[in-house]
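Student: Generate coordinates for the sequence data below:
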Amino acid sequence: MSVFPSRLFVLIPLAVAFWGLPCRVMAADPDPVVWRTDYNAARKEAADKGLPLCIVIGSENCFYCKKLEGGPLRNAAVLAELSSNFVPLKVDATTDPALPRALKVQLYPTTVLAGPDGKIHAYIEGYVDAERLLDNLKRAVTASTTADWAARDFEQASKALAVGDYPAAVSLLKGIHREAGDKPVGLKAKQILEEVERLAAGRLARAQELEQLGLTQEALDAYAEAMKAYAGTRAAADAANRLTGLAARPEMLEKLRGRAARDLLAAAREDFRNGRFYDCLQKCEQLATAYPDSAETREAQTVTADITGNPERLAAACEQLNQRTVTMYLTLADAWVKKGQTTEAISCLEKVLRLAPGSQQAQLAQAQLTRLRANGQATPAGLVKPGSPR
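Tutor: Below is the predicted model:
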């Protein structure tokens, strides 16, 4: 059963001669909704009032039609939606088959929801429960009164919400609410924004609890996460203010420095364990420069001594540095070639041959040297070959 099929067509006014007799409604008990009995009159009323149409097509002998009539169409929320926002029409396909035939109805009951202009927004075949029917009614109201741009943005916002991308959803929904105002899509956007705000406020409250418990670092992380996850909300702005204030405290600054030093030392140790001795030395040097009096720097000095005091490790560090230098010279050679300065490029490639003889990088450098030299004599930067245009 498909609620929103691809077949979107328009309910066109039919000839008066064809609709000489009004459509008769299915037998039903009195209810608060004034069900229309004539399609042409209902169609005109919808256009005049700017309200969507709800057409329920069934048959007196249809079990599920009676089930729909006695259940969802007696639901208080459904009745309220129909009476406030729709021009409702019931048609008995047994006695008045023309409209069902025109709409190509093949299953009873079928509920057709169309805009004031006759464009069908929902084509609901078969019995549906009250919750699903109400959802389709609300969607039809929104679709009937929503500009194309707002409908597109609302759809994108819904997709963003589905994957937890609240910043994107909030941005789209704010735009819809600002432009659509009190129209249904604007009010719906406002409602969803309020729900997102409640979620963000809950995340902010959790961060505040951590701060009150003295768990400063955990509170900082929680404030930062609230800012990131709910950007664009009031709660995210409050989290940013709390984060700024908390991070500016002298004791917090010291804690942040301590955490940064510990993280850097941990990364240096990880490099040491994995044989990346040059990287390890670099991080130890950063520690000594940024945090000269810290315990982490003293530990880093021990790690440095374990490398520089061991010829094999220090040789490995030198080779790692050499490899990086070779790679940089190859990159620099490419940059010179792109600028047309082949002399400088050849100089870089020759250095690669000297620094890493027999290596794969040397083979690449030699191949590029051969190509450059085959293209002619290199010209120093700033000079022009004889006969070349100036």
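Student: what distance separates the lowest-mean-pLDDT helix or strand in the chain from the middle of the whole chain?
Tutor: When each helix and strand of the chain is scored by mean pLDDT, DSSP states H and E, helix 250-273 comes last, with a mean of 82. Helix 250-273 has its average C-alpha position 33 Å from the chain's average C-alpha position, going by Cα atoms, centre = their mean, to the nearest Å.
Student: So which bits of it are buried?
Tutor: 252, 261, 264, 265, 268, 269, 271, 272 (16 or more other Cβ atoms under 10 Å). Where C-beta positions appear, they are placed from N, C-alpha and C, glycine not excepted.
Student: just stretch 223-241 next, same as before
Tutor: 223, 226, 227, 229, 230, 231, 232, 233, 235, 236, 238, 239.
Student: Can you name the secondary structure element that comes next after the helix or strand where the second one lies?
Tutor: Pointing back at residue 226 there. Here residue 226 sits within helix 216-229, counting by DSSP states H and E. Heading C-terminal from helix 216-229, the first helix or strand you meet, by DSSP H and E, is helix 234-247.
Student: With just CA atoms, put that next one into CSV.
Tutor: Below are the C-alpha coordinates for helix 234-247, written out as CSV (Å, rounded to 0.1, in the frame of the first residue of the first chain):
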residue,chain,number,x,y,z
ARG,A,234,20.2,29.0,22.5
ALA,A,235,21.6,26.2,24.6
ALA,A,236,24.7,25.9,22.3
ALA,A,237,25.3,29.7,22.7
ASP,A,238,25.0,29.3,26.5
ALA,A,239,27.4,26.4,26.4
ALA,A,240,29.9,28.5,24.5
ASN,A,241,29.7,31.2,27.1
ARG,A,242,30.2,28.7,29.9
LEU,A,243,33.1,27.1,28.1
THR,A,244,34.8,30.5,27.6
GLY,A,245,34.3,31.5,31.2
LEU,A,246,35.4,28.1,32.6
ALA,A,247,38.5,27.9,30.4
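Student: who's in contact with it?
Tutor: Contacts with helix 234-247, where a contact means Cβ atoms under 8 Å, 6 or more residues apart in numbering, come from 197, 200-201, 203-204, 207-208, 211, 216, 219-220, 223-224, 226-227, 229-230, 252-253, 256.
Student: cool, stretch 359-374 as well?
Tutor: Contacts for stretch 359-374 (Cβ under 8 Å, 6+ apart): 323, 326-327, 330, 333, 337, 342, 345-346, 349-350, 352-353, 356, 378.
Student: mind listing the helices for the stretch 101-250 of the chain?
Tutor: All helices of the stretch 101-250 of the chain, identified by DSSP state H, counting those that start in this stretch, fall at 130-144, 148-162, 166-180, 184-212, 216-229, 234-247, 250-273.
Student: Columns distance to residue 308 on top of these, output as TSV?
Tutor: Conversion of the helices of the stretch 101-250 of the chain to TSV gives the following (distance: least, Cβ to Cβ, whole Å):
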stretch	distance to residue 308
helix 130-144	71
helix 148-162	53
helix 166-180	48
helix 184-212	43
helix 216-229	34
helix 234-247	37
helix 250-273	12
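Student: Looks like residue 185 contacts residue 155 (just checking).
Tutor: No - contact criterion Cβ atoms under 8 Å: residue 185 and residue 155 do not qualify, at 10.7 Å.
Student: So these two - more neighbours on which side?
Tutor: residue 185 (23 against 11; other Cβ atoms under 10 Å).
Student: Kindly provide the distance from the more buried one to residue 196.
Tutor: Separation of residue 185 from residue 196 (Cβ to Cβ, to the nearest Å): 16 Å.
Student: got it, and residue 187?
Tutor: As defined by Cβ to Cβ, residue 187 lies at a distance of 15 Å from residue 196.
Student: Since that was my last question, I'll sign off now.
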